[in-house]
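Undergrad: Got a sequence here, can you build the structure:
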Amino acid sequence: MEVDSTENESFTVVKTEDEEKIKPSLSGEVLFPTESRFAGIRNKEVRAQQYQKLKRERKKAKKEAKKTREKEGIPKKTPHTIDSLREKDETTITDLNAEENELIRDDLEQDEFSDYFKQSYDPKVLITYSDNPMKKTRIFGRELTRIIPNSVSLYRNRSGVKKIVRSAIKKGYTDVLVVNEHRKEPDGLLVIHLPDGPTAHFRVSNVKITTELRKNHRDITAHRPEVVLNNFSTRLGLTVGRMLGALFHYDPEFQGQRAVTFHNQRDYIFFRHYRYGFDANGKKCRLKELGPRFTLRLKSLQKGTFDSKYGQYEWIIDGRRHSMETSRRKFNL
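TA: Numbers count the residues shown, from 1 in each chain. All right, here's what the predicted structure looks like:
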């Protein structure tokens with residue numbers, strides 16, 4: 001046992017041999033003496049010195065542990081996350097081109113979006129709102145028209161959704177978006193694919209319009225963007241991804257260097273809008289977020305066009321928050 005004494009102090013800090021010799025573990029986990037032994041030190045400066053010394057020892061031991069793992073070829077442990085512990089879904093599709101997924105491919109060739117992926121028509125989107133939308137909701141809708149090619153933003157003028165759908169079909173629209181709001185913020189998005197559906201209802205959160213993200217919002221070009229759909233791995237997720245992708249033109253204009261992403265993570269769909277650029281060597285790519293930014297969460301998927309009373313739902317979220325049947329590790333998309 002070794003005793004360290006400090007001048008002009010009426011106490012001593014006692015360190016055992018185990019505390020003096022801190023050895024890194026091969027598993028990557030390093031054990032350190034508890035910090036509770038500093039509680040008896042009344043002098044603030046000495047207490048801070050002892051704590052900083054412990055931090056330096058911790059950093060040094062961590063580097064030694066990393067060198068030992070690399071030298072002996074021991075792989076680093078991957079942390080447990082909700083995504084890594086995800087419960088297996090029976091409808092998860094790992095490889096759509098595999099032989100066992102032939103029925104799914106046949107189903108996709110005959111679904112409501114098959115004509116779009118065969119490039120038999122150009123999408124034409126109508127964007128409207130709830131009655132008397134507030135300023136941020138109106139700006140959000142207009143920004144969607146800058147992102148989605150061949151789209152137009154119109155007010156409802158107290159028309160019902162069913163009436164809007166019938167009028168949009170006559171005018172040749174392929175999709176209708178209805179932006180709902182709550183407390184002066186956009187909080188819902190209804191996506192209706194025409195003429196035969198389906199209809200998806202999303203909850204919208206964390207909306208940041210372009211002016212809230214960056215000062216100069218006038219440099220967004222009118223080129224058709226590229227669309228990136230990421231991590232839609234289940235059968236339901238595949239339908240939702242195809243539905244969101246069908247809002248955009250299938251032939252992007254690469255000279256505009258614009259890209260929109262729908263990234264699914266734990267059933268939350270994160271939307272981002274970027275401009276990308278390459279360096280002189282063409283090896284590094286830089287992203288610049290253009291806005292807007294928002295998050296979607298699917299609440300229901302309905303067959304056909306919108307019908308809240310007699311509509312048939314393919315999927316609807318379980319509204320019971322503390323249901324015994326739900327699990328935090330089970331995801332649907």
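Undergrad: got the contact list for residue 92?
TA: Contact partners of residue 92, counting by CB atoms under 8 Å, 6 or more residues apart in numbering, are 233, 234. Bear in mind the C-beta positions are built from the backbone N, C-alpha and C, glycine included.
Undergrad: that's a helix at residue 62, yeah?
TA: Yes: assigned with DSSP: H, G, I helix; E, B strand; the rest coil, residue 62 falls within a helix.
Undergrad: Let me know the secondary structure of the spatially most central residue of the chain.
TA: Geometric centre of the chain, nearest residue: residue 270, 3.1 Å, by CA atoms, centre = their mean. Here residue 270 is recorded as strand under three-state DSSP.
Undergrad: now swap in residue 286 and tell me
TA: strand.
Undergrad: Against residue 278, how distant is it?
TA: From residue 286 over to residue 278 the distance is 8 Å, taken as CB to CB, to the nearest Å.
Undergrad: same check, this time on residue 179
TA: On the measure of CB to CB, residue 179 and residue 278 end up 35 Å apart.
Undergrad: who touches stretch 146-157?
TA: Residues contacting stretch 146-157 (CB under 8 Å, 6+ apart): 122-131, 133, 141-142, 144-145, 164, 220, 222, 224-225, 247-249, 260, 273, 292.
Undergrad: Now with 7 Å, please.
TA: 122-129, 131, 141-142, 144-145, 164, 220, 224-225, 247-249, 260, 273 (CB atoms under 7 Å, 6 or more residues apart in numbering).
Undergrad: Around residue 52, count how many other residues there are.
TA: 10 (other CB atoms under 10 Å).
Undergrad: er, residue 329 actually
TA: 12.
Undergrad: Give me the secondary structure label for it.
TA: coil.
Undergrad: Could I get the contacting residues of residue 94?
TA: Taking CB under 7 Å, 6+ apart, one finds nothing in contact with residue 94.
Undergrad: In a helix, it, correct?
TA: No: read with three-state DSSP, residue 94 is coil and lies in no helix.
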